[in-house]
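> Okay, here's the prediction I keep looking at, along with the sequence it came from:
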Amino acid sequence: MNDQTVTELTFYRIRDRIHEISGIFLGYEKEYLLRQRLSGIIRDKNLENFEALADYLEKNNPNGWKNDVISAITVNETSFFRDSHPFMNLQKLVQNEFPGRALRILSIGCANGQEPVSISIALQECNTNCGISYRIYGVDIDIKVIEAARKNIYRKEEILRGVPPSFREKYFVQNPGGDYSASDGIFYWIQYHTENIVHGLEHSIEKEYDIVFLRNVLIYFKPETRERVLQYVHSIMAKGSFLILGASENIFGYNHLFASVIYDKSIFYRKLYE
Ligand SMILES: C[S@@+](CC[C@H](N)C(=O)[O-])C[C@H]1O[C@@H](n2cnc3c(N)ncnc32)[C@H](O)[C@@H]1O
């Protein structure tokens with residue numbers, strides 16, 4: 001089944017449906033990825049070939065399948081304290097900009113929860129100095145990663161890869177099977193929801209976020225989708241709030257929405273009012 005070919009036409013039919021549902025855009029050079037990742041669905045659903053999958057996805061209400069296809073196609077790569085600097089400088093940002101405040105934080109494309117947990121740890125570390133309280137809303141289009149995030153269970157390798165030993169001791173508990181969970185004092189402040197940021201938030205309650213993490217998500221979108229998402233994110237951010245992007249991302253072309261503010265080795269983006 002893995003050896004099945006995907007004709008160019010079928011690739012475009014499936015690709016367009018994925019784009020419509022999720023905003024994720026695959027160029028034809030990603031044909032191998034689509035073939036590899038969706039071949040399991042063809043097998044599990046007893047479909048004859050990729051054409052049959054395209055037919056199915058083009059039908060009116062492929063909801064159950066939609067989740068399977070989106071889960072198969074999303075890149076959920078993440079780590080604790082990814083690129084480390086934003087998390088360390090988050091403490092300075094909060095001390096300077098939000099002392100004593102109750103913060104609403106959004107992590108868009110939070111994958112299996114390593115980003116929200118890292119944010120919560122960074123804020124606990126500065127809490128005694130900044131006197132803040134906070135709520136973190138972790139959202140992702142992929143229902144499978146949100147289910148995993150809610151379980152709060154991480155493999156030992158994931159912990160060893162990104163969490164400094166002192167934080168491991170202080171903020172995680174090791175479970176009998178050897179994996180780890182974030183302690184209650186970290187996890188309590190995080191809520192997870194399945195959300196498609198391209199279509200706007202439905203369940204993630206707050207209207208005005210103070211800090212929005214949107215890291216390593218925009219790279220999967222076309223420029224038009226990126227623009228729409230940035231406009232929308234801007235609209236749900238509070239006055240004086242900040243956006244934090246991934247290491248390879250920037251707001252080039254969106255200077256009317258955000259202004260760069262440099263904190264040590266990190267660039268944070270302050271919301272501008274129009
Ligand atoms: C590469 S991971 C980044 C994870 C984390 N933000 C980090 O930087 O480590 C990208 C995540 O974005 C999610 N994603 C992709 N399209 C999305 C959409 N339209 N709405 C919400 N999440 C989306 C994917 O499911 C995936 O978990």
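Thanks, I have the structure now. Residues are numbered from 1 along each chain as shown.
> Report the buried residues of stretch 96-107.
Under the neighbour-count criterion of 16 or more other CB atoms under 10 Å, stretch 96-107 has 97-98, 103-107 buried. Bear in mind the C-beta positions are built from the backbone N, C-alpha and C, glycine included.
> and which of the residues you listed is nearest the ligand?
The shortest approach to the ligand among these belongs to residue 107, at 6.7 Å (CB to the nearest ligand atom).
> Need the phi and psi values for that closest one.
phi -120, psi 110 (degrees, to the nearest 10).
> Residues in a beta bridge with it, which ones?
Under the criterion DSSP bridges, residue 107 forms beta bridges with residue 138, residue 213.
> Now for it: which residues touch it?
115-116, 119, 136-139, 213 (CB atoms under 8 Å, 6 or more residues apart in numbering).
> coming back round to it: including secondary structure, distance to residue 82 and pLDDT, could the buried residues of stretch 96-107 go into CSV?
Below are the buried residues of stretch 96-107 laid out as CSV (DSSP: H, G, I helix; E, B strand; the rest coil; distance: CB to CB, whole Å; pLDDT from 0 to 100):
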residue, secondary structure, distance to residue 82, pLDDT
97, helix, 22, 94
98, coil, 22, 94
103, strand, 20, 96
104, strand, 22, 97
105, strand, 16, 97
106, strand, 17, 97
107, strand, 11, 98
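> Might you report the residue contacts of the closest residue to the ligand within the stretch 51-200 of the chain?
In the stretch 51-200 of the chain, the residue that lies nearest the ligand is residue 109 (2.7 Å; CB to the nearest ligand atom). Residue 109 is in contact with 139-141, 197, 214-217, counting by CB under 8 Å, 6+ apart.
> Can you spell out which helices and strands pack onto whichever strand or helix holds residue 94?
Residue 94 is part of helix 85-97 when elements are defined by DSSP states H and E. Using 3 or more CB pairs under 8 Å, 6 or more residues apart in numbering; DSSP states H and E, the elements in contact with helix 85-97 are helix 114-130, strand 209-214, strand 237-245, strand 258-263, strand 266-271.
> which phi and psi does the residue of the chain positioned farthest from its centre have?
No residue in the chain has its C-alpha farther from the mean C-alpha position than residue 48, which lies at 33.4 Å (CA atoms, centre = their mean). Note on residue 48: backbone dihedrals following degrees, to the nearest 10 are phi -70, psi -40.
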